[in-house]
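Colleague: here is a sequence together with a model predicted from it:
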Amino acid sequence: MQYPVLEINLKKLKYNAKMEFDYLHKYGIDVMGVNKVFNGTPETALAIVESGYTVVAEAVTANLKKIKDIPCEKALLRSPGLSEIPDVITYADISLVAEAETIKALSKEAVKQNRLHKALLMIDMGDIREGIWYENREEIETALELILDLPGLEVYGLGTNFGCYGTILPTPENTMAFIELARQLEKKFDIKFKYLSGGNCTSYHLVAQGIMPKEINQLRIGAQHLFGIEYVEEKYLEGYCHSSKDVKNYASDSYILKCEIIELRDKPTVPVGELGLDSFMKTKTFNDRGIRRQAVIALGFQDVSFENIHPADDRIQVDGQTSNHTIIDLGDTGNDYRLGDIIDFEIDYTALMTICNSANISKIFID
């Protein structure tokens, strides 16, 4: 086996996904299972579906092609680009929409392919990322009317998002404002939205605290079933911030990055000579810890940032990184490691995303 390798424990992924599915369904909330962090990996998409989910969402159209044979509905988790409309209609059953021109293009292509495409109309309730601004009622009504009137399209629901860009927290107040907007639109157009899609993992804590308005009947969630973490609200002196914590009874160690030691010797911890810039045009400072046992592993910043990986052996310290190498300090491990040995790293969500997008790192699955 060549390294680096990412081990993905499908059994633990399915366990988390089933826990989430059952918990949210008790509150009448359906879930889009977000597979985007895995870069369209069919094995993880299938694991989500086998846990009960009927919709798998991807953020890249090309990744929808990779999961086309998975037995579920597929959703594009963002607005389609005009250049990719044919593939969106071919590979996605659902997409998030906000632009009138895009809605028209989806309709035209859906008719051409003789398909029915479902549109989740997105409303920006303050996070300033995707969606029509909530105060622009005329634009919202125009977009909804297009979806209702144009052939080849069906209204999937009304959606909003929190926390991803503007870090706006989902609260009962802004969620209720979204629901009120939905009710006004339903009354004006004499319709009933199948789904009020109220956010992502950041909205989970409203459910956990029993303060999620009952009208919200869908969330679009990835980190919960991927890592067993939830995003919670913490009060500080100057306001609010996001943090994450382990969710009780969820498995949070489903992913291990394995890297091979390609060099091993004693070296100084401070470079010798005049310091300049590194390969990323940055200056560095070094802490003189004397001569230490140094290992080099075949993993670089092009694969994943060392700031998002953590040695499973807490005696190991990661010193730094270049594009193709990571430098680690084995000085406190005695003679436990040899050339060719494998170092295990635990990873966070950001690391999982970048690793799954790295062609240099193999993926193996444990079930």
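Modeller: Here it is on my side, so go on. Nothing here was measured: the structure is a model prediction, and the numbers come from that model. Numbering: from 1, shown residues only.

Colleague: count the residues that sit near the closest residue in space to residue 101 that isn't next to it in sequence.
Modeller: Sequence neighbours aside, residue 82 is the residue nearest to residue 101 in space, at 7.1 Å (criterion: Cβ to Cβ, 6 or more residues apart in numbering). Quick note: C-beta positions are derived from backbone N, CA and C, even for glycine. Residues lying near residue 82 (other Cβ atoms under 10 Å) number 12.

Colleague: equivalent analysis for residue 297, please.
Modeller: When counting by other Cβ under 10 Å, one arrives at 24 neighbours for residue 297.

Colleague: residue 129 too?
Modeller: Residue 129: 15 surrounding residues under other Cβ under 10 Å.

Colleague: that one against residue 162, yeah?
Modeller: No. Taking contacts as Cβ atoms under 8 Å, residue 129 lies outside contact range of residue 162: 9.5 Å.

Colleague: would you say residue 260 is within a helix?
Modeller: No. Going by DSSP: H, G, I helix; E, B strand; the rest coil, the assignment for residue 260 is strand, not a helix.

Colleague: from residue 313, how far off is it?
Modeller: 15 Å (Cβ to Cβ, to the nearest Å).

Colleague: same question, residue 43
Modeller: As for residue 43, its distance to residue 313 is 28 Å (criterion: Cβ to Cβ).

Colleague: show me where the stretch 101-250 of the chain dips below the pLDDT cut-off.
Modeller: Across the stretch 101-250 of the chain, the stretches falling below the confidence threshold (pLDDT under 70) are 229-250.

Colleague: and this structure, split by domain according to the record?
Modeller: 10-246, 255-366 (automatic domain parsing).

Colleague: relative to residue 3, which of those domains is closest?
Modeller: domain 255-366 (3.9 Å; Cβ to Cβ).

Colleague: endpoints of that closest one, how far apart?
Modeller: According to Cα to Cα, to the nearest Å, domain 255-366 extends 10 Å from its N-terminal end residue to its C-terminal end residue.

Colleague: where exactly do the helices run in the protein?
Modeller: Taking DSSP state H, the helices of the chain run over residues 10-25, 42-50, 61-66, 85-91, 100-113, 137-149, 172-189, 204-208, 223-227, 349-356.

Colleague: more crowded one of residue 260 and residue 313?
Modeller: Higher neighbour count among residue 260 and residue 313: residue 260, with 19 against 14, using other Cβ under 10 Å.

Colleague: which one is the more buried one nearest to, not counting chain neighbours?
Modeller: Counting by Cβ to Cβ, 6+ apart, the nearest residue to residue 260 once its immediate chain neighbours are dropped is residue 3, at 3.9 Å.

Colleague: how many other residues sit next to the one you found?
Modeller: Around residue 3 there are 18 other residues, counting by other Cβ under 10 Å.

Colleague: so it touches residue 261, yeah?
Modeller: No. Under the criterion of Cβ under 8 Å, residue 3 makes no contact with residue 261, lying 9.5 Å away.

Colleague: now do the shared contacts for those two.
Modeller: Residues touching both residue 3 and residue 261 (Cβ atoms under 8 Å, 6 or more residues apart in numbering) are residue 342.

Colleague: sorry, back to before: what sits against the residue nearest to residue 260?
Modeller: Taking Cβ under 8 Å, 6+ apart, we find residue 3 in contact with 258-260, 298, 342, 362.

Colleague: ok, and the most crowded of those residues?
Modeller: residue 259 (23 neighbours).

Colleague: now that residue: closest residue in space, sequence neighbours ignored.
Modeller: Nearest to residue 259 is residue 297, by Cβ to Cβ, 6+ apart, at 4.2 Å.

Colleague: let me know the closest of the contacts of residue 3 to residue 87.
Modeller: Looking at the contacts of residue 3 and their distance to residue 87, the nearest is residue 362, at 27.4 Å (Cβ to Cβ).

Colleague: find the nearest non-adjacent residue to the closest one, please.
Modeller: In space, not counting the residues next to it along the chain, residue 362 is nearest to residue 5; the distance is 4.8 Å by Cβ to Cβ, 6+ apart.

Colleague: ok, the one you found - how many residues close by?
Modeller: Based on other Cβ under 10 Å, the number of other residues close to residue 5 is 16.

Colleague: same question for the one 10 residues further on.
Modeller: Applying other Cβ under 10 Å, we find 19 other residues in the vicinity of residue 15.

Colleague: now residue 11, nearest residue through space, not along the chain?
Modeller: Nearest in space to residue 11, with sequence neighbours left out and distances taken as Cβ to Cβ, 6+ apart, is residue 367 at 5.4 Å.

Colleague: tell me the contacts of the one you found?
Modeller: Under the criterion of Cβ under 8 Å, 6+ apart, the contact list for residue 367 reads 9-11.

Colleague: now a ChimeraX select for only the buried ones of those.
Modeller: To isolate in ChimeraX the members of the contacts of residue 367 that are buried, counting by 16 or more other Cβ atoms under 10 Å, one can use:
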select :9,10
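
Colleague: between the contacts of residue 367, which is nearest residue 141?
Modeller: The shortest approach to residue 141 among the contacts of residue 367 belongs to residue 10, at 44.6 Å (Cβ to Cβ).

Colleague: next one: phi and psi at the residue nearest to residue 260?
Modeller: Here the main-chain torsion angles of residue 3 (degrees, to the nearest 10) amount to phi -110, psi 160.
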